[in-house]
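[1] From the sequence below, what's the structure:
(chains A, B, C and D)
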2 protein chains.
Amino acid sequence: MHDMQKELSTDELMGRFLNQLKDEDQLTEKQKRIMEAAVKLFSEKGFHAASTSEIAKEAGVAEGTIFRHFKTKKDILISLVAPIMLRFASPLLLKDVRKLMGSDLPLDDLLKQLYQNRLQIIEKNWSQIRLIIQEMQFHEELRGAVVENLFGVGRKLAEAFVSSKIQSGEIRNFPPLTVTRALVSMMVGYVFFKFVIFPDEGMNLDDEQEIEIMVDIILNGIRNKE
Amino acid sequence: MHDMQKELSTDELMGRFLNQLKDEDQLTEKQKRIMEAAVKLFSEKGFHAASTSEIAKEAGVAEGTIFRHFKTKKDILISLVAPIMLRFASPLLLKDVRKLMGSDLPLDDLLKQLYQNRLQIIEKNWSQIRLIIQEMQFHEELRGAVVENLFGVGRKLAEAFVSSKIQSGEIRNFPPLTVTRALVSMMVGYVFFKFVIFPDEGMNLDDEQEIEIMVDIILNGIRNKE
DNA sequence: GTCTATATATGGATAGAC
DNA sequence: GTCTATCCATATATAGAC
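    Next comes the predicted model:
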């Protein structure tokens, strides 16, 4: 029933992802260097503030070479999205998630692991994630791609999980989307404070402790008490 | 080079912030028009993507006029921060908040009102808030000013509130900062989904219902059960 | 104080030699 | 495929007339 639908759209997404993977192997050395330089500079200075000449210098190629491989500067940006999403979206959303969701771990351990993993992935890929969130605001196609592929799939996965837990009576009977958003919000908020507001200082407590409390709170909020 | 001119320190910026209330009355018609046009274009297209000629056109002044009032383009951006923060930071953080915190409303009603008000303020000022969050990433002085003025104050207020509720035994004994972050995270996450991820569609449920559930969940999570 | 005109730099993008 | 040189448009910023 529900689960079948989710499987299908996930597979559909994976299809797209797998196609992108092939493309990635076809990239030449220089193309990769240009793209890496672009990721670095775009995320550091923003898309418009980073010039193609800087990118060329950073990549160690002539400026003209860039435009042999990419029609326009924006083309570089677009070309970055798929690989970036591949690099973190897949592990962010899929890897371990099905395993965790299918496991018989107690909910709190499950959530702790989930948060911990996702946080690590986000931390490792933060500059790239930030770049995408940044530029989503200004390039609609980009937002469309991210929303459809990433959030579409993630949302379905999460909602399926929440729904099943509601039906099994483990968590309270709220709209699954709302519960899902609450769960994700805790992570979004944490990331927001940690990386956006206080990117330098770091937080007071370490991640593991914070997550422990976070899980305690949110789980207490949504769990069915008998 | 481009960034050769001296950066404003955070302190200098805070000075401006405090003085701004007085200064705001001293602004001429043209200056206000330029600043309004700048807010609009910066938030729509980003700081670098918006040109001074566009700003001039939008403001209905000659381009040269801009540079009579603002030394550089970045100066326009800086000049916007204080008024924007004044316009929403004050009501966001202070207006009603003290009143609510001092009231004898039940916690759930109190939280609902708090979320509802804050959401309205954020919605009304979203383009400006977004602009600041955006540019915080790239201009450290700006981040410093926001963090110190806005988050510094907000955090203290919220933590004081949480601490008092912990001592009165109403909510569980967790680190106040963590509880505070959990409370704020719910709002941050909601705003993130509503305005960043799905700025067009809107959400499934209306804000009031969503907030009701949100408060139910989070409060259930942190409240002391007897 | 404001506008017109312009200086000066740099941006993205192309052409052509190798 | 890559680099050198260069085009053209636009960017920020200034000068000078009013």
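
[2] Any idea which residue is closest to the centre of chain A?
    The centroid of chain A falls nearest to A:Ala89 when counting by Cα atoms, centre = their mean (4.6 Å).

[3] what's the burial count for the nearest residue to it once chain neighbours are set aside?
    Counting by Cβ to Cβ, 6 or more residues apart in numbering or on different chains, the nearest residue to A:Ala89 once its immediate chain neighbours are dropped is A:Leu150, at 5.0 Å. Glycine gets a C-beta too; all of them are placed from N, C-alpha and C. The tally of other residues near A:Leu150 (other Cβ atoms under 10 Å in any protein chain shown) stands at 19.

[4] same deal with A:Ile217?
    The burial count for A:Ile217: 24, using other Cβ under 10 Å.

[5] Lowest mean pLDDT among the helices and strands, pick that one out for chain A.
    helix A:2-25 (a mean of 46; mean pLDDT, DSSP states H and E).

[6] And the contacts of stretch A:99-119?
    For stretch A:99-119, contacts defined as Cβ atoms under 8 Å, 6 or more residues apart in numbering or on different chains pick out A:92, A:96-97, A:157, A:161, A:165, A:170-171, A:183, A:186-187, A:190-191, A:207-208, A:211-212, A:214-216, A:218-219, A:223.

[7] I'd like to know which of those residues are part of helices.
    Of those, the ones assigned to helices by DSSP state H are A:92, A:97, A:157, A:161, A:165, A:183, A:186-187, A:190-191, A:207-208, A:211-212, A:214-216, A:218-219.

[8] Point out the residues in chain A that sit beside DNA strand D.
    A:28-30, A:61-65, A:68-69 (Cβ under 7 Å from any atom of the strand).

[9] Pull out the buried residues from these.
    A:30, A:61, A:65, A:69 (16 or more other Cβ atoms under 10 Å in any protein chain shown).

[10] Most widely separated two among those?
    Spanning the widest gap among those are A:Val61 and A:His69, at 9.2 Å by Cβ to Cβ.

[11] Identify the contacts common to the two.
    Contacts common to A:Val61 and A:His69, judged by Cβ under 8 Å, 6+ apart, are A:30, A:34.

[12] who's in contact with A:Ala50?
    Each residue near A:Ala50 by Cβ under 8 Å, 6+ apart is listed here: A:38, A:41-42, A:44.

[13] Not counting the helix or strand hosting A:Leu177 itself, show me its contacts.
    Using DSSP states H and E, A:Leu177 falls within helix A:176-191. Outside of helix A:176-191, the residues within contact range by Cβ under 8 Å, 6+ apart are A:111, A:115, A:118-119, A:122, A:155, A:158-159, A:162-163, A:166, A:171-172, A:210, A:214, A:217-218, A:221-222, B:181-182, B:184-190, B:192-193, B:204-205, B:210, B:213-214, B:217-218.

[14] helix or strand for the closest residue to DNA strand D within chain A, which one?
    Relative to DNA strand D, the nearest point of chain A is A:Gly64 (2.6 Å; Cβ to the nearest atom of the strand). A:Gly64 is part of helix A:63-69 when elements are defined by DSSP H and E.

[15] Give the burial count for A:Asn173, as a bare number.
    Applying other Cβ under 10 Å, I find that A:Asn173 has 10 neighbouring residues.

[16] Helix, strand, or coil at it?
    Secondary structure assignment for A:Asn173 (DSSP: H, G, I helix; E, B strand; the rest coil): coil.

[17] wait, what's in contact with the closest residue to it other than its chain neighbours?
    Closest residue to A:Asn173 apart from its sequence neighbours, by Cβ to Cβ, 6+ apart: A:Ile166 at 5.7 Å. For A:Ile166, the contact set (Cβ under 8 Å, 6+ apart) comprises A:172-174, A:176, A:179.
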